Every structure is written in C-alpha cells, then in structure tokens.
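Peer 1: Structural data only, the sequence is not supplied:
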C-alpha cells in the first residue's frame, strides 16, 4: 500500500512538473512553426531560403520578446527548451561526426583552438580593465566571450565570487550579441569567399553557444556545420582548464563581502571549483555518439533522421533563445561594459582569422 501511495505521489509530481513546462514549450513550438512557415514561404517565392528556420526562430522569438514579456506561466517551459532541448540536439549531432572528421581537423588546429581561447581571455580581460571594469566583471566578460557565453559565465561566477549584478549584465550582453553574431557572421563568410570548412572553424572559434554555431554555419552547408560543431566543442572543453586556473587565482582577488543571495542560483560557494560545470553531460554524450558512429554502431539509414530531429530541437531551442533576449537590457548595462564586450568580440574574431591564415585554412 505504501509503495502504491509513493508511486501515486511521484506520478502526481511528474504530472505537475509537466504541466508547468507545457505552456512555455508550446510557445516555443509555435515560434518554431512560424519560422518553418516563413522558410517555406521563402522557398516558394524565391526558390531558396535566404534565412533558414534556425535564424528565423531567433528573430521571431526576439520580436515577440520585445513586444511582450512572457510571465511566470511561460518561464519554465522556455528555460527547458533553451537548455535541455538544445543539449539533446548537441548529443544527437554526434551521429553526424566520425573520428575521421576529428583527425582531418589536425592537431595543429586543435592546439590552435586552445591558443585562441587563452589569448582571447587575456586580451579581453586587459580591455575590460583598461576601460575601468572591476576585476570580476572583466573576468566574466573575458570568459564569456572567449569560451562559451552563458555557460562560461555561470561556471566562472562562483569560482571568482562574482555578484548577481555582474552576472546579469554579462549574460544580457551574451544573449543580445550572440544573436547579432549568428546573423552577421554568415554575411562576413560569404563576403570573404570562405570555404565551408574555413567558415565552420571561424564560427566555432567566435560564436558563443553550440546551437548558435549550428544556426550560423547552416547557410554554408554541412561541412561548415560539422567543422563548426567540432571546433566549438573543443573550445567548450577549455572551460575546465580556465576554471581550474581561476580557482587558483581567486584567493588573490581583492576580498569583499558578498551575500550568499548574490550568487547564481544553485551555484557552489565562492572560490570552490564545481566539477559538474567543467565537462557538461551533453559534451560527454556527443563524444559517446561520435565514438558509436566511428565504430559503425550507428546504422547509416538512421543518420539522416537523427539529423532532422537534432535540427528540429535546435530550431525550438533558438525560438526559446529569442524569447529570452531583451534588447533593452543592453542600454541598462552602461557604456564601458558595452565597449568592453564589443571590443573583446572583435579581438576574438581577429585572433581567429589570424589562426586560420596561419594554418592556411581558407
């Protein structure tokens, strides 16, 4: 009887959780559906999609968010779609990448990625300090720009003892500029006449989040998507060493009293390294699926359907991303932060192009 009661309570809790997610997920699906409809309209009128559903979902979501702020009823589902659905999509992308692709990238490129991340962090931190940003804010901007946007900010914040205002401002810029980069980078790649592999590498080195890399590289073909995803995931892995180094340097930062409520919700205590942030589960899942593909454990006939599911989940995630972007937050953060983030991003782009030139990837 007790077991039956516990099962009933568990089922009720799960049903309640699902009920809180459905409105937001439904909204994201509606935005994604509108994006697919516009893409189909483009194809019917122009013969091709100039803006694919991945990008359109971001634009539509951002437009909706600018005109209307979703209330608490929608929040859980939007957050779930932006985080967990995109992580599942990243795992599924592993089925499209084999070990041969990684080997083809070359050790020089893999080492270059680590060099770009380290150089960009130092450059970005220097820019922030020259512009008068506090040390912790400058570190957040540097790691967010150089590694993986929000994920890096969330991982680094508790390690260095950053407060909630710094974290909120950094994440706001990451959200807004992330969309700008996704929309503008393909135009740069086309203008420079870059190949799919070269543009994929550039996107992987500069775009903030893995799904955003997919959105940015899709207009230049499958090779760009695969290279961009690979480079980006290697770049994300740099978060572990970065957090380790910062955890060693954190005691040297100027001490200050920080209320416990100031830290990111659910984050560990200040200056304590949280290993769960260093290698996210979806990277492990992605690598596991890459291994399965390389060993022939993924049937060839399943690769295309898996890719379509990954794309669908990514479009829904992009809709959620757009719904979370409030362009008005940029104005509230101040000119120095704005300048630091933009200059850091430009510096990252310049360093990345220099690496591609040095490796003769064009």
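Peer 2: Now that the structure is in, tell me what you want to look at. These numbers were taken from a predicted model, which means no experiment stands behind them. Numbering: from 1, shown residues only.

Peer 1: helix or strand right after the helix or strand bottoming out on mean pLDDT in the chain?
Peer 2: Of all helical and strand segments in the chain, the minimum by mean pLDDT, DSSP states H and E falls on helix 275-278, at a mean of 51. Next in sequence after helix 275-278, counting helices and strands by DSSP states H and E, comes helix 281-294.

Peer 1: mind listing what's buried in the helix or strand just after that next one?
Peer 2: Using DSSP H and E, the helix or strand that follows helix 281-294 towards the C-terminus is helix 300-323. By neighbour count on 16 or more other C-beta atoms under 10 Å, the buried set for helix 300-323 is 306-307, 310-323. C-beta here means a position set from N, CA and C on the backbone, and glycine is covered the same way.

Peer 1: Please, where are all the helices along the stretch 51-200 of the chain?
Peer 2: Counting by DSSP state H, counting those that start in this stretch, the stretch 51-200 of the chain has helices at residues 53-67, 72-80, 86-93, 99-105, 107-130, 135-143, 150-160, 164-191, 196-206.

Peer 1: Ok, which of the ones you listed comes nearest residue 299?
Peer 2: Among the helices of the stretch 51-200 of the chain, the nearest to residue 299 by C-beta to C-beta is helix 86-93 (14.3 Å).

Peer 1: Contacts for the closest one next, please.
Peer 2: Helix 86-93 is contacted by residues 209-211, 214, 229, 233, 280-283, 285-286, 289, 306-307, 309-311, 313-314, 317, 320 when judged by C-beta atoms under 8 Å, 6 or more residues apart in numbering.

Peer 1: Apart from its chain neighbours, what residue comes closest to the residue most central in space within the chain?
Peer 2: Centre of the chain computed as the mean C-alpha position; nearest residue by C-alpha atoms, centre = their mean is residue 209, 1.6 Å away. Excluding its sequence neighbours, the residue lying closest to residue 209 (C-beta to C-beta, 6 or more residues apart in numbering) is residue 149, at 5.3 Å.

Peer 1: picking that back up, distance to residue 299, mean pLDDT and mean neighbour count added to the helices of the stretch 51-200 of the chain, as JSON lines?
Peer 2: Formatted as JSON lines, the helices of the stretch 51-200 of the chain follow (distance: least, C-beta to C-beta, whole Å; pLDDT from 0 to 100; neighbours: other C-beta atoms under 10 Å):
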{"stretch": "helix 53-67", "distance to residue 299": "26", "mean pLDDT": "84", "mean neighbour count": "22"}
{"stretch": "helix 72-80", "distance to residue 299": "30", "mean pLDDT": "90", "mean neighbour count": "17"}
{"stretch": "helix 86-93", "distance to residue 299": "14", "mean pLDDT": "80", "mean neighbour count": "23"}
{"stretch": "helix 99-105", "distance to residue 299": "17", "mean pLDDT": "66", "mean neighbour count": "14"}
{"stretch": "helix 107-130", "distance to residue 299": "29", "mean pLDDT": "91", "mean neighbour count": "18"}
{"stretch": "helix 135-143", "distance to residue 299": "40", "mean pLDDT": "88", "mean neighbour count": "25"}
{"stretch": "helix 150-160", "distance to residue 299": "32", "mean pLDDT": "75", "mean neighbour count": "24"}
{"stretch": "helix 164-191", "distance to residue 299": "32", "mean pLDDT": "77", "mean neighbour count": "19"}
{"stretch": "helix 196-206", "distance to residue 299": "26", "mean pLDDT": "91", "mean neighbour count": "27"}
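
Peer 1: Out of those helices, which gets nearest to residue 345?
Peer 2: Short answer: helix 164-191, nearest of those by C-beta to C-beta, at 6.3 Å.

Peer 1: Tell me what angle that closest one forms with helix 135-143.
Peer 2: Using axes from the mean of the first three to the mean of the last three C-alpha atoms, to 10 degrees, the direction of helix 164-191 lies 30 degrees away from that of helix 135-143.

Peer 1: Would you mind pulling up the elements that helix 164-191 packs against?
Peer 2: Here helix 164-191 touches helix 53-67, helix 135-143, helix 150-160, helix 196-206, helix 210-217, helix 300-323, helix 329-333, helix 335-358, going by 3 or more C-beta pairs under 8 Å, 6 or more residues apart in numbering; DSSP states H and E.

Peer 1: Do I have it right that residue 140 meets residue 157?
Peer 2: Yes: Residue 140 is within contact range of residue 157, at 6.5 Å (criterion: C-beta atoms under 8 Å).

Peer 1: Common neighbours of those two, please.
Peer 2: Common contacts of residue 140 and residue 157, defined by C-beta under 8 Å, 6+ apart, comprise 166-167.
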